[in-house]
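# Sharing a model prediction with you, sequence too.
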Amino acid sequence: MRWFDRLQHIDRRIMYVLLALIIAAPLIWKLDFPIMASPAVKGAYNAVENIPDGKIAVISINWASGTIAENGPQTEAIIRHMFMKDKKFAIIAWDPQGSKFSYDYAERIARETGKVYGRDWVHWGLRPIANIVLLIQGFARNIPRTIGKDINGTPLSDIPMMQEIKDIKDVGLIADITPTATLDIWIAYIYGQYRTPIIYAPTAVMAPEGFNPLDAGQIKGMLAGMKGAAEYEHLLGRVDFATRATGALSSSHILIIVLIILGNVGYLMSRRRREEE
Amino acid sequence: MFNWLSNPNTMSVVGIWLAAFGTLAIYSILYKENPVYRMAEHIFIGAAAGYGVYVTWSQILKPLWWDKITSGQWYWVFALVAGSMFYFIYSQRHLWISRLIFGALLGLISGTVFKGFAGVNMDRIYASFTPVAGHGMTAAQSLNNILFIFVLLTVMAYFFFSFEHKDAIRRVPSSIGRWVLMFAFGAMFGSTVMARMSLLIGRIYFLLHDWLHVAH
């Protein structure tokens, strides 16, 4: 087999090992790559900064352990920002694992920042995703009646920060953190009708779906996957998981680009040789 | 004898080792099919199914339905009746019962989706009417909007199937539309690669940081 034929038949296991090594190296030896916040991430950051006093944010969690590497840092960065700026928020989860993860994240960051459950944040618990359309339409009109109790079974009427929160007019921001296509539901039934600002934190694979609403002004900003989370951490002045992983992400992309080029060089050379023969 | 089981630190270490074993077992399929992978896969499916049943009962059905019935709101029992009606789809004789509930559901969903369609798309259609000059626009903004309109029109031309794209006036815009679609699909696939790499990085970081303690 000639060298350019070999380029098209590299054993996939060799590529997997190369990929694992090239990802591990920046994580072990801490290679930093420059991070610049994109306008989409700045838009999300500013939307959190501009939540009016007296209103709460609602963080919608629809992710599970499968996308924790992307949605986890996004959730952590947004929660941390809200605590830093004294913005009160409620978490609503549509996935059992996401419900647990988001509660644990918020509880840990609340401990670090001296925030108190019920006064600064609340978790509305898990709701079935099949009912999301009906539920968000209900909560837009009457939050205490639609949500009823928090994750611990406490009626919302007994939670201090929920005393004055009645309907969507008391919500200053929706943050949709998701690996699936829930954004259009929030836009259709909340932004379309009530113009409540929305920010979107999808996995990178879902990010292209966010550019249309971003251009149309239906969302204020977007965190595209782990990269978006790293940019948000940069704006917060923090070095958390997404920032540490940026080097590994960039180097893995470089490897894939190199492999694509090598495969194409091999293909073109083989074709040329066949034509010559 | 089993006091160590109630120690959260011990359980945390055990959990990390189990998670590391699970990660490596699942990734072993990348080398080749093997019994360790199969075992991990079956454990995962069983655990996920069991966890799903428990959470569905403890966090949804019990607080949102059962507790209401037992606290006097007896009419919630009708939710069980309505839900059961779906299962008559498996009976030839009583199929009509399932049609009642499916019909009601379809009516509800249709009305809701129609309302949602307007909520999603009207703003986007409105936003597609972008100015190409004036309004204090810079040259860059103007060029950006011209490019946007050009792409919009050529892609719409590509999806215009009412007549054959035979002559150049109809063929060229359609062809350009196909090219820009390919660019868009390439960008989307790039995003997909980034997503998959991010997930892999998450697992490798877990192995290096939480398990082996060699990553920062």
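Nice, I can see it.

# anything in the helix or strand where B:Phe189 lies near chain A?
According to DSSP states H and E, B:Phe189 maps onto helix B:168-205. Yes. Using Cβ under 8 Å from any Cβ of the partner chain, helix B:168-205 reaches chain A at B:184, B:187-188, B:191-205. For the C-beta atoms, the positions are set from N, CA and C on the backbone; glycine is no exception.

# Report the buried residues of that helix.
B:173-174, B:176-177, B:180, B:191-192, B:194-195, B:197-205 (16 or more other Cβ atoms under 10 Å in any protein chain shown).

# Show me which residues of the stretch 51-200 of chain A are close to chain B?
A:66-70, A:72, A:96, A:99, A:125-128, A:133-134, A:137, A:148-149, A:153, A:184-185, A:187-189, A:191-193.

# Now restrict the residues you listed to buried residues only.
A:67-70, A:72, A:96, A:99, A:125-127, A:133, A:137, A:148-149, A:184-185, A:187-189, A:191-193.

# quick one: the helices in chain B?
In chain B, the segments counted as helices under DSSP state H are B:8-27, B:35-55, B:67-70, B:77-85, B:95-127, B:139-158, B:168-205.

# Now do the first one against helix B:35-55, angle only.
So that's helix B:8-27. 120 degrees (axes from the mean of the first three to the mean of the last three Cα atoms, to 10 degrees).

# mind exporting helix B:8-27 as PDB, just the C-alpha atoms?
Extracted in PDB, the C-alpha atoms of helix B:8-27 (Å, rounded to 0.1, in the frame of the first residue of the first chain):
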ATOM      1  CA  PRO B   8     -20.300  10.200  52.800                       C
ATOM      2  CA  ASN B   9     -16.600  10.500  52.000                       C
ATOM      3  CA  THR B  10     -16.200   6.700  51.500                       C
ATOM      4  CA  MET B  11     -19.300   6.600  49.400                       C
ATOM      5  CA  SER B  12     -18.000   9.500  47.300                       C
ATOM      6  CA  VAL B  13     -14.800   7.600  46.600                       C
ATOM      7  CA  VAL B  14     -16.800   4.400  45.800                       C
ATOM      8  CA  GLY B  15     -19.000   6.500  43.500                       C
ATOM      9  CA  ILE B  16     -16.000   8.000  41.600                       C
ATOM     10  CA  TRP B  17     -14.500   4.500  41.100                       C
ATOM     11  CA  LEU B  18     -17.700   3.100  39.900                       C
ATOM     12  CA  ALA B  19     -18.200   6.000  37.500                       C
ATOM     13  CA  ALA B  20     -14.600   5.600  36.200                       C
ATOM     14  CA  PHE B  21     -15.200   1.900  35.700                       C
ATOM     15  CA  GLY B  22     -18.400   2.600  33.800                       C
ATOM     16  CA  THR B  23     -16.800   5.200  31.600                       C
ATOM     17  CA  LEU B  24     -13.900   3.000  30.600                       C
ATOM     18  CA  ALA B  25     -16.200   0.000  30.100                       C
ATOM     19  CA  ILE B  26     -18.500   1.900  27.800                       C
ATOM     20  CA  TYR B  27     -15.500   3.400  25.900                       C
END
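
# relative to helix B:168-205, how tilted is it?
If you take the same axes, to 10 degrees, helix B:8-27 sits at 140 degrees to helix B:168-205.

# Please give the number of neighbouring residues around the nearest residue to A:His234 once chain neighbours are set aside.
Nearest residue to A:His234, sequence neighbours excluded (Cβ to Cβ, 6 or more residues apart in numbering or on different chains): A:Ile35, at 4.4 Å. The tally of other residues near A:Ile35 (other Cβ atoms under 10 Å in any protein chain shown) stands at 17.

# same deal with the one 4 residues further on?
Counted with other Cβ under 10 Å, the burial measure for A:Pro39 works out to 10 neighbours.

# for it, phi and psi?
phi -60, psi -30 (degrees, to the nearest 10).

# Could you list the domains of chain B?
Domain assignment of chain B by automatic domain parsing yields the ranges B:8-72, B:77-127, B:139-216.

# Go through those and pick out the most buried.
Highest mean neighbour count of the domains of chain B: domain B:139-216, a mean of 15 (counted as mean count of other Cβ atoms under 10 Å in any protein chain shown).

# mind showing which ranges of chain B have poor pLDDT?
By pLDDT under 70, the low-scoring segments of chain B are B:1-6.

# Apart from its chain neighbours, what residue comes closest to residue 120?
No chain in the question, so chain A it is. That would be A:Lys88: by Cβ to Cβ, 6+ apart, it lies 5.8 Å from A:Asp120.

# I was after chain B.
Using Cβ to Cβ, 6+ apart and skipping residues adjacent in sequence, the residue nearest B:Val120 is A:Ala188, 4.7 Å away.

# For the one you found, report the pLDDT, please.
What the model reports for A:Ala188 is a pLDDT of 95.

# my guess is it meets B:Phe114, correct?
No. The criterion here is Cβ atoms under 8 Å, and A:Ala188 misses it with B:Phe114 at 10.3 Å.

# where do the strands sit along chain A?
A:56-61, A:89-93, A:121-126, A:171-178, A:198-202, A:221-222 (DSSP state E).

# Most tightly packed of those strands?
Note that of the strands of chain A, strand A:198-202 is the most buried (mean count of other Cβ under 10 Å), with a mean of 30.

# what about the residue nearest to B:Val120, distance to A:Gly237?
Going from A:Ala188 to A:Gly237 by Cβ to Cβ, to the nearest Å gives 36 Å.

# What residues does residue 187 make contact with?
In the absence of a named chain, chain A is used. A:Ile198, A:Pro213, A:Gln218, A:Ile219, B:Gly119, B:Val120 (Cβ atoms under 8 Å, 6 or more residues apart in numbering or on different chains).

# The chain in question should be chain B.
Contacts of B:Ala187 (Cβ under 8 Å, 6+ apart): A:Pro208.

# and if we set it to 10 Å?
A:Ala207, A:Pro208, A:Phe211 (Cβ atoms under 10 Å, 6 or more residues apart in numbering or on different chains).

# same deal with A:Thr243?
By Cβ under 10 Å, 6+ apart, the contact set of A:Thr243 is A:32-33, A:35, A:73, A:77, A:226, A:229-234, A:236.
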